[in-house]
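Q: Sequence and predicted model, in that order:
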Amino acid sequence: MTGEFGKFIEKKRKAMNKTLRGFAAELEIAPAYMSDIEKGHRYPPDKDKLEKMAELLNLNEKEKNDMFDLAAGEKENSISPDLPEYIMGTKKARVALRMARDTGATDATWQKVIDMLEQEQNGD
């Protein structure tokens, strides 16, 4: 475990002037468990609790995605908890990811994919 997830959550919690005990109560988890998460002694909670954390901390979409990525980074060979359902439910996504892996897609290649998706999203 890297502990980066816990540091992120603690920083956001404190920025909102939430106590550890109060935040744990809002999440319906034990304060000791919340403390262990923030100290990097325990793995992040499940996706539902992560969604609740994002809501309680008023995270924007980028911060929420960063939080999911940090949560995944705490476990070896883990993936952000907001992605498996989409990946496994979309065959072409799996094909594209394997192709990218097998061809050694670079950040520049992925940026082109992102640019294309943003154009599509914006209706260009």
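A: Received the coordinates, thanks. Note that the structure is predicted; figures quoted are calculated from it, not measured.
Q: show me what contacts residue 9?
A: Neighbouring residues of residue 9 by C-beta atoms under 8 Å, 6 or more residues apart in numbering: 37-38, 53, 57, 67. For every residue, glycine as well, the C-beta is placed using N, CA and C.
Q: ok, now residue 34?
A: By C-beta under 8 Å, 6+ apart, the contact set of residue 34 is 20, 23-24, 27.
Q: Show me what counts as buried in the helix or strand where it lies.
A: Here residue 34, judged by DSSP states H and E, is contained in helix 31-38. Neighbour counts using 16 or more other C-beta atoms under 10 Å place 34-35, 37-38 of helix 31-38 among the buried residues.
Q: Then stretch 39-48?
A: Of the residues in stretch 39-48, 40, 42, 44-45 count as buried by neighbour count, 16+ other C-beta under 10 Å.
Q: Contacts for it next, please.
A: Contacts for stretch 39-48 (C-beta under 8 Å, 6+ apart): 1-7, 27, 29, 33, 36-37, 50, 53, 70-71, 74-75, 81-82.
Q: picking up where we left off before, out of the buried residues of stretch 39-48, name the ones that lie in strands.
A: Per DSSP state E, strands hold no members of the buried residues of stretch 39-48.
Q: What is the nearest of those to residue 113?
A: Residue 113 has its nearest neighbour among these in residue 44, at 27.6 Å by C-beta to C-beta.
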